[in-house]
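Engineer: predicted model follows, preceded by the sequence.
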2 protein chains.
Amino acid sequence: MKNQKRTTIYDIAKKLNLNASSVSRALSNNSNVSEATRKLILDTAKELNYKQNSLASNLRKGHNQTIGVIVPRINQNYFADVIAGIEEVTYQKGYNLVICQSNESSAREVKCVNTLINQHVSCIVISLSADFEDDKHLQTIKEHGIPLIQFDRVAEHLDTFKVLNDNEQASIDAVSHLIEQGYKRIALLEGPQNLNIFRQRKAGYLAALKKYKVPVLPELIKENAWTKELGAESTKELLNLAEPPDAIFASTSDFSALGVLEVATKMGLKVPEELGICGYSNEAFTEITSPSITTIDQYSVSMGKTIANLYFQEIESSEKDNNPKIVSIKPKLIVRSSTLRNKTEGY
Amino acid sequence: MKNQKRTTIYDIAKKLNLNASSVSRALSNNSNVSEATRKLILDTAKELNYKQNSLASNLRKGHNQTIGVIVPRINQNYFADVIAGIEEVTYQKGYNLVICQSNESSAREVKCVNTLINQHVSCIVISLSADFEDDKHLQTIKEHGIPLIQFDRVAEHLDTFKVLNDNEQASIDAVSHLIEQGYKRIALLEGPQNLNIFRQRKAGYLAALKKYKVPVLPELIKENAWTKELGAESTKELLNLAEPPDAIFASTSDFSALGVLEVATKMGLKVPEELGICGYSNEAFTEITSPSITTIDQYSVSMGKTIANLYFQEIESSEKDNNPKIVSIKPKLIVRSSTLRNKTEGY
DNA sequence: CTGAAAGCGCTTACAG
DNA sequence: CTGAAAGCGCTTACAG
């Protein structure tokens, strides 16, 4: 691959018999240049096809207008939307994004963190991988003085910026809705409990049952059912119980809920009459399954914007540590056909 | 935000009474260091929490192990999957990705290109925005000696690496399938004709009709129907014709096909008996609509891997310009219920 | 095997 | 308003 020499400010300076510092000043819109020489310099820059070398500029300035983002998977709607939201804001500010995926592996997550630190990014945004246990790599980020914003799946005890969903309240809303629709035996598909979000969703489930004085039945709580396949698996087991549930809250994801729906359909159960189904995340497909699936919208794009704004607010504020460090976004229950047994309720 | 000083190779050198060059050699696994000093250096680096500054390293080495990717939207399944594929390969090689979205605007695309050139990325991967007209910015990339890989939506006449889908053949397959299923009046929803992919899909439609000697009816060809809403709009117009179509090929996207399905369902038409529907892209939801939607799979993740491999092959090859510059991937027709009128065919 | 020096391309106090 | 010089943190020929 050819490694052709690119024109530098020295090339421009030489051509105009000027000093490189003047060229630099002119190109960076610094006021200390006469209009005449500025014009001369800009014209020559154009003529020579000059592009700034951001590596050199950032090295000299000691920072990099770049934000690093680490997510478990970029091709999952939720994360792709959050990234789109971040990008929308950072683009306006002239920042770039370096995006890494941990593939749900914390070993790989650690590597991503190291790469981003090496790159001298201005900020690191992260949502933890599923096998999260140790937050040493997050502490390393802090030790290097890099602002850290955790979102959604976070290490709770670590003092960093956080943008969260109120998962517990959302789950309370979902389960309360199921109870109000007359469902009596509500099962829970739960996700890995090392992740805060799944712990909170479970807590919300339990809180709602308590609120309505519905007994908690351990056999209706299924661990680790957070893919479509695992959701289907758990559903088969649940529906084969002597006393099967009449509703399933797939708190892990809509994919899991889809697994539930497919098994129910295959077994000839009527949804929502015989089985209510509620998912989580408001994936696009939940609107078009038949029946459509009740779910929880997490405002992912707006979460992304919030994350980016948090960073810019922080660096623009003169006083330190005066800004709220934690932003919680309230997700919204989207009621659809899969739980709407009591049609007179008028949703 | 605190700007704390990070430890450099000089800090390590000073502490050990060595020269920075030895430190650099030890850290870069260069052989010209004694085992003893190497160990000493590595230990001290760990102790002082040293992280390399990639900016400086890349500036000095004259390149950046980074690949820039520009796509219209990252939160569209197709692009997110391609990016995931690229990332999978580049990660193995220790390269990073800088991802930009043009938001379907070529003005913004130009800005993205400039940013990436400034960043001295090693390679730029791009899929063009919908309002593509001018390829000046792509030529700039070439002028700067940066390898350019176009994929999917490309400027055809420009001599660059290209990773393409055989859109024409895929469309021929789709329309042939419709004809073989007994559909007689097949409508086409087409996308912006300034993009190669939509021109090719239209060409495939026309070629299939010709092959089967089916007349082309201009009133069955609808321009610019590439969102769900526009697809629905066009479908209404089509179905209100004196002689409406009995099948619709939404060559633009599955979203458009979804619009078709919704209108058909609302109007009480039976799919596939009274109306056949075929989409494009194999979005996840096409499998779970009722009926499920026949569509075309573009092997997006594997496209991403192909793109990345193309780059690495090129830089690793000693002979220049000996590698195939254009890779075409044959998409696959996925036949589902929405076009399966003739069930005895045994799909 | 180790050191001294130059240089990647830029920015920025410091003079004048 | 312009120039000369130093330095961001690293790598790499060149000596020895």
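Structural biologist: Yep, it's here.

Engineer: from B:S122, how far off is the residue of the stretch 151-300 of chain A found nearest chain B?
Structural biologist: Closest to chain B within the stretch 151-300 of chain A is A:F285: 4.1 Å, counting by CB to the nearest CB. In short, each C-beta sits where N, CA and C put it, glycine included. Going from A:F285 to B:S122 by CB to CB, to the nearest Å gives 37 Å.

Engineer: ok, A:V154 next?
Structural biologist: Counting by CB to CB - A:V154 and B:S122 are separated by 33 Å.

Engineer: looking at these two, which one has more neighbours?
Structural biologist: A:V154 (24 against 20; other CB atoms under 10 Å in any protein chain shown).

Engineer: which SS class is that one?
Structural biologist: coil (DSSP: H, G, I helix; E, B strand; the rest coil).

Engineer: skip the chain neighbours and tell me the closest residue to it.
Structural biologist: In space, and not counting its chain neighbours, A:V154 is closest to A:K162: 5.4 Å by CB to CB, 6 or more residues apart in numbering or on different chains.

Engineer: adjacent strands (with direction) for the helix or strand where the one you found lies?
Structural biologist: A:K162 belongs to strand A:161-165 when assigned by DSSP states H and E. Within its sheet, strand A:161-165 is paired with strand A:148-151 (parallel), strand A:326-329 (parallel), according to DSSP bridges.

Engineer: got a markdown table for those strands, with distance to A:E233, mean pLDDT and mean neighbour count too?
Structural biologist: Below are the strands paired with strand A:161-165 laid out as a markdown table (distance: least, CB to CB, whole Å; pLDDT from 0 to 100; neighbours: other CB atoms under 10 Å in any protein chain shown):
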| stretch | distance to A:E233 | mean pLDDT | mean neighbour count |
| --- | --- | --- | --- |
| strand A:148-151 | 30 | 96 | 24 |
| strand A:326-329 | 32 | 93 | 15 |
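
Engineer: how about the ones you listed in TSV, adding distance to A:D166?
Structural biologist: As requested, the strands paired with strand A:161-165 are exported to TSV (distance: least, CB to CB, whole Å):
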stretch	distance to A:D166
strand A:148-151	13
strand A:326-329	5
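
Engineer: who wins for proximity to DNA strand D among these?
Structural biologist: The closest of the strands paired with strand A:161-165 to DNA strand D is strand A:148-151. By CB to the nearest atom of the strand, the value is 20.4 Å.

Engineer: run the chain-centre distance for that closest one.
Structural biologist: Relative to its parent chain, strand A:148-151 has a centroid offset of 10 Å by CA atoms, centre = their mean, to the nearest Å.

Engineer: can you list contacts of that strand?
Structural biologist: The contact list for strand A:148-151, computed with CB atoms under 8 Å, 6 or more residues apart in numbering or on different chains, reads A:82, A:123-128, A:138, A:141-142, A:158, A:160-164, A:303, A:307, A:310-311.

Engineer: let's see that with 6 Å instead.
Structural biologist: For strand A:148-151, the external contacting residues (CB atoms under 6 Å, 6 or more residues apart in numbering or on different chains) are A:124-127, A:141, A:160-163, A:307.

Engineer: of those residues, list those near DNA strand C.
Structural biologist: Counting by CB under 7 Å from any atom of the strand, the subset of those that neighbours DNA strand C is empty.

Engineer: farthest-apart pair in those residues, please.
Structural biologist: Maximum pairwise distance among the contacts of strand A:148-151 (CB to CB): 16.1 Å, between A:I141 and A:V163.

Engineer: against chain B, how distant is A:Q92?
Structural biologist: As judged by CB to the nearest CB, to the nearest Å, A:Q92 and chain B stand 11 Å apart.

Engineer: and that residue, how many residues sit next to it?
Structural biologist: Quick note: A:Q92 (other CB under 10 Å) scores 10 neighbours.

Engineer: same question for the one 5 residues further on.
Structural biologist: Around A:L97 sit 22 other residues, with neighbours defined as other CB under 10 Å.

Engineer: which residues touch it?
Structural biologist: Here A:L97 is in contact with A:67, A:69, A:87 (CB under 6 Å, 6+ apart).

Engineer: one more time with 10 Å, if that's ok
Structural biologist: A:66-69, A:83, A:86-87, A:90-91, A:121, A:125, A:308, B:74, B:97-101 (CB atoms under 10 Å, 6 or more residues apart in numbering or on different chains).

Engineer: Three-state assignment for it, please.
Structural biologist: strand.

Engineer: which of the helices and strands in chain A ranks last by mean pLDDT?
Structural biologist: Ranked by mean pLDDT, DSSP states H and E, the weakest helix or strand in chain A is strand A:96-101, scoring a mean of 84.

Engineer: kindly export that strand (C-alpha atoms) in PDB.
Structural biologist: Output of strand A:96-101 as PDB, limited to C-alpha atoms (Å, rounded to 0.1, in the frame of the first residue of the first chain):
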ATOM      1  CA  ASN A  96     -15.500  11.100  17.200                       C
ATOM      2  CA  LEU A  97     -16.600   7.800  18.600                       C
ATOM      3  CA  VAL A  98     -14.500   4.700  18.900                       C
ATOM      4  CA  ILE A  99     -16.800   1.800  19.300                       C
ATOM      5  CA  CYS A 100     -15.800  -1.600  20.700                       C
ATOM      6  CA  GLN A 101     -17.800  -4.600  21.500                       C
END
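
Engineer: number of residues surrounding the residue of the stretch 201-347 of chain A at minimum distance from DNA strand D?
Structural biologist: As assessed by CB to the nearest atom of the strand, DNA strand D sits closest to A:I315 within the stretch 201-347 of chain A, at 19.1 Å. By other CB under 10 Å, the residues close to A:I315 number 12.

Engineer: picking up where we left off before, tell me which of the contacts of strand A:148-151 is nearest to A:C278?
Structural biologist: Within those, the smallest distance to A:C278 is 22.9 Å, found for A:S127 (CB to CB).
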